[in-house]
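Student: Fold the following and give me the result.
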Amino acid sequence: MKLYKTKTGIVIEKDDKFFLMKDENWDQFINTDHLFQKMEKLTRSLMPMTDGNKLIDEGILAPIGSQELWACGVTYLRSKIGRQDGLTLELESTDDIVASVAAGRRPDQTVVGFAAEHGEGAAERGRAKLSRKGLDAVVVNDIARSDIGFDSAENEVTIVSADGEREVGRRPKEEVAAAILDEVERFRTRAAAPSTVEPE
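Tutor: Below is the predicted model of the structure:
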């Protein structure tokens, strides 16, 4: 199955058939949990297009600007070298890697996930992932904003943990990374501290 961002909307290609979703937001759609399964369901409920190839050839857009990102078996291709007639995103169903790492962690490991969320409620969705995946923290960034993130030298994140939320305001990405590492160090220091509870 392939997924395309086009001028007309999001297009799914499956078995040489094309399915168009006009009113879906690209960033929200590709960050959906269980995306592969959602696409399978949509291809069963939508009518195939008659001019899918033409739409792809004439209306293809880059998935995320000039950014090239590899994550969890999903590849975003920026270059037309990836496909002669345009840019494509190929998806395969994969295991939830970070949840698998968290489930098999050693006592001395700290597992932090990253969540690219879209718009209002981003931190709440990050907290849901924290609980569902069994993580120590989730670093949430809002991909709805064009002034931070992928095509910017700066970012702004919220670090969500069992203790609460820490806002890391807009700053150079190197400083955001340092703030995340500071938070990881705090988790690890607290975990390594001896108990103050007297044994009975």
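Student: so which strand or helix has R170?
Tutor: For R170, the element it lies in under DSSP states H and E is strand 164-172.
Student: Isn't A99 up against L130?
Tutor: No: in this structure A99 lies outside contact range of L130 using CB atoms under 8 Å: 11.0 Å. Every C-beta, even on glycine, is put in place using the N, C-alpha and C of the backbone.
Student: the helices in the protein, which residues?
Tutor: 26-30, 35-45, 52-59, 97-103, 122-133, 173-192 (DSSP state H).
Student: Let's have the ones you listed in a markdown table, adding mean neighbour count, distance to K17 and mean pLDDT.
Tutor: Converted to a markdown table, the helices of the chain look like this (neighbours: other CB atoms under 10 Å; distance: least, CB to CB, whole Å; pLDDT from 0 to 100):
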| stretch | mean neighbour count | distance to K17 | mean pLDDT |
| --- | --- | --- | --- |
| helix 26-30 | 17 | 19 | 80 |
| helix 35-45 | 14 | 8 | 88 |
| helix 52-59 | 16 | 7 | 75 |
| helix 97-103 | 15 | 30 | 83 |
| helix 122-133 | 18 | 32 | 91 |
| helix 173-192 | 14 | 41 | 86 |
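Student: quick one: the residue nearest the centre of the chain from I10, how far?
Tutor: Residue closest to the mean C-alpha point of the chain, counted by CA atoms, centre = their mean, is A116 at 4.4 Å. Note on A116: its distance to I10, by CB to CB, to the nearest Å, is 17 Å.
Student: tell me the domain boundaries of the protein?
Tutor: 2-90, 98-192 (automatic domain parsing).
Student: Around E156, how many other residues sit close by?
Tutor: 18 (other CB atoms under 10 Å).
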